[in-house]
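Asks: Just need the structure, nothing else, for what follows:
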Amino acid sequence: MTNKFHYYAATGRGNAIRLALSAANIPFEDEYPDCDFPPTAEAKDLWRSIGKNTTTNVPMLQMADGRVFTQSSAVLRAVARIGGLMPTDEGELYLTDKLLADAEDLRGEGYKSFVAFGATEETVEAFINKVLPLHFGNLERQLKESTGDYFIGDSLTIADIA
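Replies: I've put the predicted structure just below:
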């Protein structure tokens, strides 16, 4: 069996995980449900049988050796550790966790601005003109404070991907 990444045929919370798998040279195949979004009861049952959570379990990474990782941020960190994209220094680990939280904050605000999810034109404008500059400014400041070309020194880490 090869590693299998279970998620929708969309980017969403699975995109950073796919990027991390690729950056870490961890081979995987995408496994999409036999339906569009929202998933069918059958798709959810399959995910529950694999992931063992009572939730839908995706994004979920099913490793060739039998291990299964669920919950997007936990899967992302597991891939980073397996693939050498997670620093080991305590200070760098904190900074990585902080940057991952910063990225998640921005992603959450971004989802609120999706017209397809019911956002108003005012919400979209506020996201573009206020929220994005605020978050991008914070990320830019942290990148400039780095001692190298990446957020954490001279090596690509999960903080650069998320």
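
Asks: Determine the set of other helices and strands touching the worst-scoring helix or strand of the chain on mean pLDDT.
Replies: In the chain, no helix or strand scores lower on mean pLDDT, DSSP states H and E than helix 41-51, which sits at a mean of 91. Where contact means 3 or more Cβ pairs under 8 Å, 6 or more residues apart in numbering; DSSP states H and E, helix 41-51 is packed against strand 60-62, strand 68-70. The C-beta positions use only the backbone N, C-alpha and C, and glycine is treated the same way.

Asks: if we go to 10 Å?
Replies: strand 4-6, strand 29-31, strand 60-62, strand 68-70 (3 or more Cβ pairs under 10 Å, 6 or more residues apart in numbering; DSSP states H and E).

Asks: Contacts for it next, please.
Replies: Helix 41-51 is contacted from outside by 4, 6-8, 31-35, 37-40, 53-62, 68-71, using Cβ atoms under 10 Å, 6 or more residues apart in numbering.

Asks: Buried only: go through the residues you listed for me.
Replies: The neighbour count (16 or more other Cβ atoms under 10 Å) marks 4, 6-8, 31, 33, 39, 56-62, 68-71 as buried among those.

Asks: Mind putting the helices and strands packed on helix 41-51 into a markdown table with mean pLDDT and distance to residue 115?
Replies: What follows is these, written out as a markdown table (pLDDT from 0 to 100; distance: least, Cβ to Cβ, whole Å):
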| stretch | mean pLDDT | distance to residue 115 |
| --- | --- | --- |
| strand 4-6 | 96 | 28 |
| strand 29-31 | 95 | 27 |
| strand 60-62 | 96 | 29 |
| strand 68-70 | 95 | 30 |
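
Asks: Pull the longest helix along the chain out as PDB, backbone CA atoms only.
Replies: Longest helix in the chain, counting residues (DSSP state H): helix 90-112. Output of helix 90-112 as PDB, limited to C-alpha atoms (Å, rounded to 0.1, in the frame of the first residue of the first chain):
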ATOM      1  CA  GLU A  90      13.000  25.000  21.400                       C
ATOM      2  CA  GLY A  91      12.900  28.600  20.300                       C
ATOM      3  CA  GLU A  92      12.400  27.700  16.700                       C
ATOM      4  CA  LEU A  93       9.700  25.200  17.600                       C
ATOM      5  CA  TYR A  94       7.800  28.000  19.400                       C
ATOM      6  CA  LEU A  95       8.200  30.300  16.400                       C
ATOM      7  CA  THR A  96       7.000  27.500  14.100                       C
ATOM      8  CA  ASP A  97       3.900  27.000  16.200                       C
ATOM      9  CA  LYS A  98       3.300  30.700  16.300                       C
ATOM     10  CA  LEU A  99       3.600  31.100  12.600                       C
ATOM     11  CA  LEU A 100       1.200  28.100  12.000                       C
ATOM     12  CA  ALA A 101      -1.300  29.800  14.300                       C
ATOM     13  CA  ASP A 102      -0.800  33.100  12.400                       C
ATOM     14  CA  ALA A 103      -1.500  31.300   9.100                       C
ATOM     15  CA  GLU A 104      -4.600  29.600  10.600                       C
ATOM     16  CA  ASP A 105      -5.900  33.000  11.800                       C
ATOM     17  CA  LEU A 106      -5.600  34.400   8.300                       C
ATOM     18  CA  ARG A 107      -7.200  31.300   6.800                       C
ATOM     19  CA  GLY A 108     -10.100  31.600   9.200                       C
ATOM     20  CA  GLU A 109     -10.600  35.200   8.300                       C
ATOM     21  CA  GLY A 110     -10.400  34.300   4.600                       C
ATOM     22  CA  TYR A 111     -13.100  31.700   4.800                       C
ATOM     23  CA  LYS A 112     -15.400  34.400   6.300                       C
END
